[in-house]
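*Asks:* sequence unavailable; structure follows:
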């Protein structure tokens with residue numbers, strides 16, 4: 001059982017626009033509810049921020065055996081939590097948190113459809129992206 005890898009590096013582009021990365025936070029449930037049913041993601045809610053986990057990490061401490069459900073947090077939520085509470089568990093109070101990156105949960109979340117709707121930014125750009133979550137980072141960076 002290993003920890004979360006160090007900060008991921010973001011892609012740099014020569015467009016003059018700062019890249020936006022979905023690696024920064026978990027996903028807004030309201031966006032995802034526009035094109036998906038709640039039962040498609042209800043087991044993948046980040047225990048820390050209560051949004052749909054981005055880069056999901058499964059908590060697997062022996063203290064939680066028998067809970068009967070996956071204990072999922074977003075990678076960056078866990079990084080922030082551990083920075084403020086070194087080696088603590090975000091599920092219940094005990095030391096020596098154990099966790100691993102869950103590729104199976106990531107594939108499921110990545111296959112959910114996501115809609116940003118009609119959003120106006122400071123630059124006057126309108127985005128009506130509709131697609132799978134795993135495609136969102138490329139959309140935002142391009």
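*Replies:* Looks like it arrived, so ask away. No experiment lies behind these values; they were computed from the predicted model shown.
*Asks:* spell out the secondary structure type for residue 68.
*Replies:* coil (DSSP: H, G, I helix; E, B strand; the rest coil).
*Asks:* what's the local residue count around it?
*Replies:* Residues contacting residue 68 under the criterion other Cβ atoms under 10 Å number 6. Backbone N, C-alpha and C define where each C-beta goes, glycine included.
*Asks:* got the phi and psi for it?
*Replies:* Main-chain torsions, residue 68, degrees, to the nearest 10: phi 90, psi 10.
*Asks:* show the pLDDT at it.
*Replies:* As predicted, residue 68 sits at a pLDDT of 79.
*Asks:* how close does it sit to residue 43?
*Replies:* 11 Å (Cβ to Cβ, to the nearest Å).
*Asks:* now do the same contact list for the closest residue to residue 75 other than its chain neighbours.
*Replies:* Among residues not flanking residue 75 along the chain, residue 55 sits closest, at 3.6 Å (Cβ to Cβ, 6 or more residues apart in numbering). Contacts of residue 55 were listed using Cβ atoms under 8 Å, 6 or more residues apart in numbering, and they are 23, 74, 75, 76, 101, 106.
*Asks:* state the phi and psi torsions of residue 55.
*Replies:* Dihedral angles (degrees, to the nearest 10) for residue 55: phi 50, psi 70.
*Asks:* in stretch 69-86, which residues are buried?
*Replies:* 70, 71, 72, 73, 74, 75, 76, 77, 78, 79, 81, 82 (16 or more other Cβ atoms under 10 Å).
*Asks:* likewise for stretch 97-104?
*Replies:* Neighbour-count burial for stretch 97-104, counted by 16+ other Cβ under 10 Å, picks out 97, 99, 102.
*Asks:* end to end on that stretch, go ahead and measure it.
*Replies:* 21 Å (Cα to Cα, to the nearest Å).
*Asks:* who touches it?
*Replies:* 1-4, 55-62, 70, 72-73, 75, 78, 82, 87-90.
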